[in-house]
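In: My questions are about this predicted structure, shown below with the sequence.
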Amino acid sequence: MPELPEVETIVRQLTPRLSGRRVLRMEVLDPLLGTLETELIEGRLIGGLRRVGKQVGLALVAPRRAVPSHGLSPDRLEREASWLLIHLRMTGRLTWEKDADGPTTPPTRARLRLDRGALLFRDVRRLGTLRVCRNWAEARPAGLDPLAPGLGARRLGQLLGGCPTPIKPWLMRQDRLVGLGNIYASEALFAARIHPARPVGSLTMAEVTRLHRRLRAILRRAIEMGGTSFSTFENALGRPGAYQERLGVYGRAGQPCPRCKTPIVRFVQQQRSTFFCPRCQSEEEGCISRSREMRP
DNA sequence: ATTATATCCTGATCGC
DNA sequence: TGCGATCAGGATATAA
């Protein structure tokens, strides 16, 4: 379940390894991936990597460029590059392999052969996708990145608007904010002490501010810790993250809330598990001051 | 327009 | 011990 911090971890690990490499051949092994415009990729240089929402974006530039190991600047890539977007969905993995010529083993779904080594896309559940875009305008997602410098509490408030949708499913809508999935949506609301079923329009400005601050803090912290390995996530080096040790509510139904010891509750929202603390995250707005008194 | 449901996929887990 | 049913969830398609 790679969400924003997990994808960011992978991008950071792969950037020095892949930047400047020349793509020799794109091998699509799983027919479920469909046909791709490989001519926008093959023969070009990897100008850099970038997280595009929950996707890993490989930026490809003309082969005469000199590319530093940290990649070309973001604005340069936005002007010049074509993009390979890799969506890992649930079980997708990206790893660099030294041997680019040997036989591939399942569940390898695609292999990008480079002038040195190869990038392997493995994915047991085969839900992941590959997409080729000719430019940044095609590749850029509709939703805003929660860690973008321009996304202040005010902007988030405007984005939320007054709709009656429950806040938790709203946070997972990729056409509004990109990068949040089931884990971090629950965690952000717990940290901000907002009930997951609260209508978006009912949030006070104070709550929006709190959500904004907590959300960004959690994502940054999770990136520092290499993401969350809840069940299956592994980074580009085949190692787990560490943020699962800091999860407050996700996957902890029945266990005591780390803040007030009340048992964590699980319920289903839009066919997905939502976890929350019934005491810290009151259904009604206005109980914040009370829960604040509970703090040690 | 918005919201709800079904679908995809496969390994792990559960109940009998 | 074995086997079928259920679950996990990101995104999209279709239905209401």
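Out: Now that the structure is in, tell me what you want to look at. Numbers count the residues shown, from 1 in each chain, chains lettered A, B, ... in the order given.
In: For chain A, which residue gets nearest to DNA strand C?
Out: A:Gly181 (2.9 Å; C-beta to the nearest atom of the strand). Yep, even glycine has a C-beta here, placed from its N, CA and C like the rest.
In: could you list every residue that touches that residue?
Out: Residues counted as contacts of A:Gly181 (C-beta atoms under 8 Å, 6 or more residues apart in numbering) are A:1, A:3, A:54, A:172.
In: Could you measure from it over to A:Ala191?
Out: For A:Gly181, the distance to A:Ala191 (C-beta to C-beta, to the nearest Å) stands at 16 Å.
In: same deal with A:Arg214?
Out: Computed as C-beta to C-beta, the A:Arg214 to A:Ala191 distance reads 4 Å.
In: okay, those two: which has more neighbours?
Out: A:Ala191 (21 against 18; other C-beta atoms under 10 Å).
In: before we move on, which element is that one in?
Out: A:Ala191 belongs to helix A:182-192 when elements are defined using DSSP states H and E.
In: so A:Leu159 sits in a helix?
Out: Yes - counting by DSSP: H, G, I helix; E, B strand; the rest coil, A:Leu159 is found in a helix.
In: so how far is A:Thr15 from it?
Out: From A:Leu159 across to A:Thr15, the span is 29 Å (C-beta to C-beta).
In: all helices for chain A, in order.
Out: Taking DSSP state H to define them, one finds helices in chain A at A:4-18, A:74-80, A:136-139, A:153-160, A:167-171, A:182-192, A:205-224, A:288-294.
In: How about the contacts made by A:Pro31?
Out: Contacts of A:Pro31 (C-beta under 8 Å, 6+ apart): none.
In: for the one 5 residues further on, same thing?
Out: With contacts defined as C-beta under 8 Å, 6+ apart, A:Leu36 is in contact with A:26, A:28, A:130-132.
In: With A:Ala236 instead?
Out: By C-beta under 8 Å, 6+ apart, the neighbours of A:Ala236 are A:9-10, A:13-14, A:17, A:93-96.
In: If we ignore the residues flanking it in sequence, what's nearest A:Pro166?
Out: If the residues on either side of it in the chain are set aside, A:Pro166 comes closest to A:Ala197, at 4.7 Å by C-beta to C-beta, 6 or more residues apart in numbering.
In: From the chain's centroid, how far away is stretch A:258-278?
Out: 22 Å (C-alpha atoms, centre = their mean, to the nearest Å).
In: returning to what we had before: just give me the least confident of the contacts of A:Gly181.
Out: The lowest pLDDT within these belongs to A:Met1, which sits at 76.
In: where's that residue relative to A:Ala153, distance?
Out: Distance, A:Met1 to A:Ala153, by C-beta to C-beta: 27 Å.
In: Of these two, which one has the most company?
Out: Counted by other C-beta under 10 Å, A:Met1 and A:Ala153 do not tie: A:Met1 has more neighbours, with 19 against 16.
In: Is it correct that the residue nearest to A:Pro166 is in contact with A:Gln269?
Out: Yes - the pair A:Ala197 / A:Gln269 is scored as a contact, 7.0 Å apart, by C-beta atoms under 8 Å.
In: got any residues that touch both of the two?
Out: By C-beta under 8 Å, 6+ apart, A:Ala197 and A:Gln269 have these common neighbours: A:166, A:168.
In: residues in the stretch 101-250 of chain A within reach of DNA strand B, list them.
Out: A:107, A:124-127, A:163-165 (C-beta under 7 Å from any atom of the strand).
In: Show me the shaky parts of chain A.
Out: Along chain A, segments meeting pLDDT under 70 span A:231-232, A:284-296.
In: near DNA strand C, which residues of it?
Out: Contact residues (C-beta under 7 Å from any atom of the strand) of chain A with DNA strand C: A:1, A:3, A:53-54, A:87, A:89-90, A:125, A:127, A:172, A:174, A:181-183, A:271-273.
In: rerun that using 6 Å as the cut-off
Out: Contact residues, chain A versus DNA strand C (C-beta under 6 Å from any atom of the strand): A:1, A:3, A:54, A:89-90, A:125, A:127, A:172, A:174, A:181-182, A:272-273.
In: Show me where chain A has its strands.
Out: A:23-28, A:45-52, A:55-61, A:82-87, A:92-97, A:108-114, A:118-123, A:129-133, A:265-269, A:272-276 (DSSP state E).
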